[in-house]
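[1] With the sequence up front, the predicted model follows.
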Amino acid sequence: MEWMEFLDAKSKGVIEMLAEKNKDIKKAYDLLQIISKDEKARMLYDAREAELRDQLTRIKSAENKGRAEGKAEGKAETICQYLEANFGIESQALQEAVRTIADLDTLSRITSRIFKVSHLDEATALIQVSLK
């Protein structure tokens, strides 16, 4: 609550009162005082903040990529399990081909249709068409 008041404060008096009550706000206020007086310090602070934002963006991007890769692996595994259960060892080469597919959309298309095929040649054709 105090932090919200600090961030919304319009007067120096309110900020100083909050700084007296809360040591963390005091620390932040003191840092802001230093930064606002020293242009070089402010530039360093801004650069550091920009780097932190960039790091967060890279982390978020990596997390999203990891999730997509995990979903793709899961779909490929589902397809391979279906092929193994229905066509056995004869589907081994096709399973290996499926495991090389990394595109989530392609794997989703295959997954949505694979359960309708009843012969290995149909499954092979479906996967080959989906790759094009």
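    Thanks, I have it.
[2] in terms of contact, does Thr102 touch Gly70 like I think?
    Not quite, residue 102 is Ala, not Thr. No - using Cβ atoms under 8 Å, Ala102 makes no contact with Gly70, being 11.6 Å away. For every residue, glycine as well, the C-beta is placed using N, CA and C.
[3] Just want the most central residue of this structure.
    Nearest to the mean C-alpha position of the chain, counting by Cα atoms, centre = their mean, stands Asn64 at 2.3 Å.
[4] Now name the helix or strand holding that one.
    helix 39-87 (DSSP states H and E).
[5] how distant is that helix from the center of its chain?
    Counting by Cα atoms, centre = their mean, to the nearest Å, helix 39-87 is centred 4 Å from the centre of its parent chain.
[6] What's the first helix or strand after it?
    Per DSSP H and E, helix 39-87 leads on to helix 92-99 as the next helix or strand towards the C-terminus.
[7] Report the angle between that next one and helix 39-87.
    Angle of helix 92-99 versus helix 39-87, following axes from the mean of the first three to the mean of the last three Cα atoms, to 10 degrees, is 160 degrees.
[8] In contact with Asp24, which residues?
    Neighbour list for Asp24: empty [criterion: Cβ atoms under 8 Å, 6 or more residues apart in numbering].
[9] May I ask which helix or strand of this protein has the lowest mean pLDDT?
    Between all helices and strands in the chain, the lowest mean by mean pLDDT, DSSP states H and E belongs to helix 2-8, at a mean of 75.
[10] which secondary structure elements does that helix contact?
    Counting by 3 or more Cβ pairs under 8 Å, 6 or more residues apart in numbering; DSSP states H and E, the packing neighbours recorded for helix 2-8 are helix 12-21, helix 23-37.
[11] What distance do you get for Ala9 to Ile25?
    For Ala9, the distance to Ile25 equals 10 Å [Cβ to Cβ, to the nearest Å].
[12] shared neighbours, the two?
    Leu18.
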